[in-house]
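*Asks:* How does the following fold in three dimensions:
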Amino acid sequence: MIAEAKNKLTYEDLVIQNIQLRDELNQLKRLIFGSKNERFIPSISADQLALDIAIQQKEQTIVSATETIQYERKKATKLESEKVQTGRMPLPASLPREQVIIEPTIDVTGWKKIGEEKTEELERIPGKLFVRQYIRSKYVDPKGEQIVIGELPVRPIDKGIAGPGLLAQIVIDKYVDHLPVYRQVQRFEREGMKLPISTLADWISGSCTLLEPLYETHRKLVLKQTYLQADETPIKVLDKAKKGTTHRGYHWVYHAPLARLVLFDYREGRGREGPNECLQDFSGYLQTDGYAVYDYFDQRSNITLLNCMAHARRMFDNALENDKQRAEFVLLEMQKLYAVEQVGRDQCLSSGQLVALRQEQSVPILENLKAWMIEHYPKVLPQSAIGKAIFYSLQRWDKLSIYTTDARLQIDNNLVENAIRPVAIGRKNYLFAGSHEGARRAAMLYSFLGTCKINHINPFEWLRDILSRIPSHSVNKLEELLPHNWASAK
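*Replies:* As a prediction, this is how the structure comes out:
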């Protein structure tokens, strides 16, 4: 029966199978051997890469008021210019200086000092463990009836030996610098302190217990925003019910570009139950890729769903081997759309100016590109890479174009993908989470540390300070401890 079925395959069927297999082989070879860079350099002349004259004129007309400043500068003499050190990075003035005074080897008694030469060397002392002793004085009153003792300050882990700086360093090493716990144990042993892996795991768990109320405050704040970008990424999790293998869980990530916040939410599956529960009270714009689970939110009246241009573009980038001419044409047009966005950033346009620029420049490009896709889709094989790319975009064209109507919206989801990147790097090092609870704790820490990164906050300084303050901090004022608020309070 199988042989008969194969004999019934038509020439067209064999052509389609051949194209599909070639596409799959090209993608596999690119995944294994190729570059992940999606930068597009067209094979046409440089003149054709330039934007339309209208865009260039727009750049000139939407320039904010400027003034010409002229000044005179004294030309350096040869002696002065010789003192300028070139090719060496200046060392930051904020770094502490340790001075080493070096006197000539001969006796200079009675000589007149005419100056000094300074040479700076960047040095580092490796982090060292030390013990902080709290010595509390005890007193008894003259009658011997009452004894008082100095009060021990609140500590992150009650009766634990780890201070806030050590706890913060362990967390940062694992979730920012991707250093697994067992490697940290080896490092501590080199410093003369043997700490079991279980002890470090308990310290991370204890730190997360302290941070849980702050995480809930952070979650509520993120979900109050009116514009979120969403994406998901897998994580392997040890599960007692699955012996010999790992469970495939997911971190669902929600990024608020305007508020500069990111939220990681761990779920055991990739179904719509996770985002549906998390976003049950959300209202506003939700930007996603084309994953079918997100289509559900398009049915909710309080949510406007928009799609990501980068995902659509990626499919045409993957189709270059299949149909170079058509794929290059689309990539070039999309490049023009991104050039318009760059103009808006370079010129620091107001919201009204940016919408006007998009309406004048981006909308015609989008309309022409849609018409081109409608014209060319019947001319390609639907199952080919170029056919799938065109179909994907046409299905979502309105949602890909919504960004042109509101200056708050981004053309793509790249910002949330940037927030996910540390997870992808981390799982290559620590491989899996030890449990579902461990994966939830990781989501909490990635939320805080990701927000620190977006707001240019030193994550170690923030976490060390928060771990020392949160045990005695008012529950009603937790929001002031969040990274973006902590930065403004410094």
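*Asks:* Can you report how many residues lie near the closest residue in space to Thr217 that isn't next to it in sequence?
*Replies:* Nearest non-adjacent residue to Thr217, counting by CB to CB, 6 or more residues apart in numbering: Leu478, 4.5 Å away. Every C-beta, even on glycine, is put in place using the N, C-alpha and C of the backbone. Using other CB atoms under 10 Å, Leu478 has 18 neighbouring residues.
*Asks:* Same question for Tyr175.
*Replies:* Using other CB under 10 Å, Tyr175 is surrounded by 23 other residues.
*Asks:* Quick check: the gap between Lys113 and Glu120.
*Replies:* Distance of Lys113 to Glu120, given as CB to CB, to the nearest Å: 21 Å.
*Asks:* Could you do Arg421 as well?
*Replies:* On the measure of CB to CB, Arg421 and Glu120 end up 35 Å apart.
*Asks:* Only alpha carbons, please: show stretch 236-251 as CSV.
*Replies:* Taking Å, rounded to 0.1, in the frame of the first residue of the first chain, the C-alpha atoms of stretch 236-251 are listed here in CSV:
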residue,chain,number,x,y,z
LYS,A,236,14.5,22.7,31.6
VAL,A,237,13.2,21.8,35.1
LEU,A,238,13.8,18.7,37.2
ASP,A,239,10.6,17.0,38.0
LYS,A,240,10.3,14.0,40.4
ALA,A,241,7.4,12.7,38.3
LYS,A,242,9.6,12.5,35.2
LYS,A,243,12.5,10.2,36.0
GLY,A,244,15.4,10.2,33.6
THR,A,245,14.4,13.4,31.8
THR,A,246,13.5,17.0,32.5
HIS,A,247,10.3,18.9,32.3
ARG,A,248,10.1,21.7,29.7
GLY,A,249,8.7,24.8,31.5
TYR,A,250,8.4,28.3,30.2
HIS,A,251,9.3,31.8,31.4
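*Asks:* low-confidence ranges in the stretch 1-150 of the chain?
*Replies:* 1-8, 27, 30-88 (pLDDT under 70).
*Asks:* who's more crowded, Lys113 and Glu120?
*Replies:* Taking neighbours as other CB under 10 Å, Lys113 and Glu120 compare with Glu120 leading, 10 against 6.
*Asks:* Was I right to think that one contacts Ala93?
*Replies:* No. Counting by CB atoms under 8 Å, Glu120 stays clear of Ala93, with 10.9 Å between them.
*Asks:* Report how many residues lie close to the nearest residue to Leu223 once chain neighbours are set aside.
*Replies:* Nearest residue to Leu223, sequence neighbours excluded (CB to CB, 6+ apart): Phe282, at 5.3 Å. By the criterion of other CB under 10 Å, Phe282 has 21 neighbours.
*Asks:* Identify the residues contacting Phe282.
*Replies:* Leu223, Leu228, Asn302, Ile303 (CB atoms under 8 Å, 6 or more residues apart in numbering).
*Asks:* Look up how far Leu305 lies from it.
*Replies:* Taken as CB to CB, the span from Phe282 to Leu305 is 12 Å.
*Asks:* And Lys379, by the same measure?
*Replies:* Distance from Lys379 to Leu305, by CB to CB: 30 Å.
*Asks:* what does Pro96 give?
*Replies:* 52 Å.
*Asks:* Quick check: the gap between the residue sitting nearest the centre point of the chain and Ile454.
*Replies:* Central residue of the chain (CA atoms, centre = their mean): Ala419, 2.2 Å from the mean position. According to CB to CB, Ala419 and Ile454 sit 7 Å apart.
*Asks:* Quickly list what's touching both of the two.
*Replies:* With CB under 8 Å, 6+ apart, Ala419 and Ile454 have common neighbours Val262.
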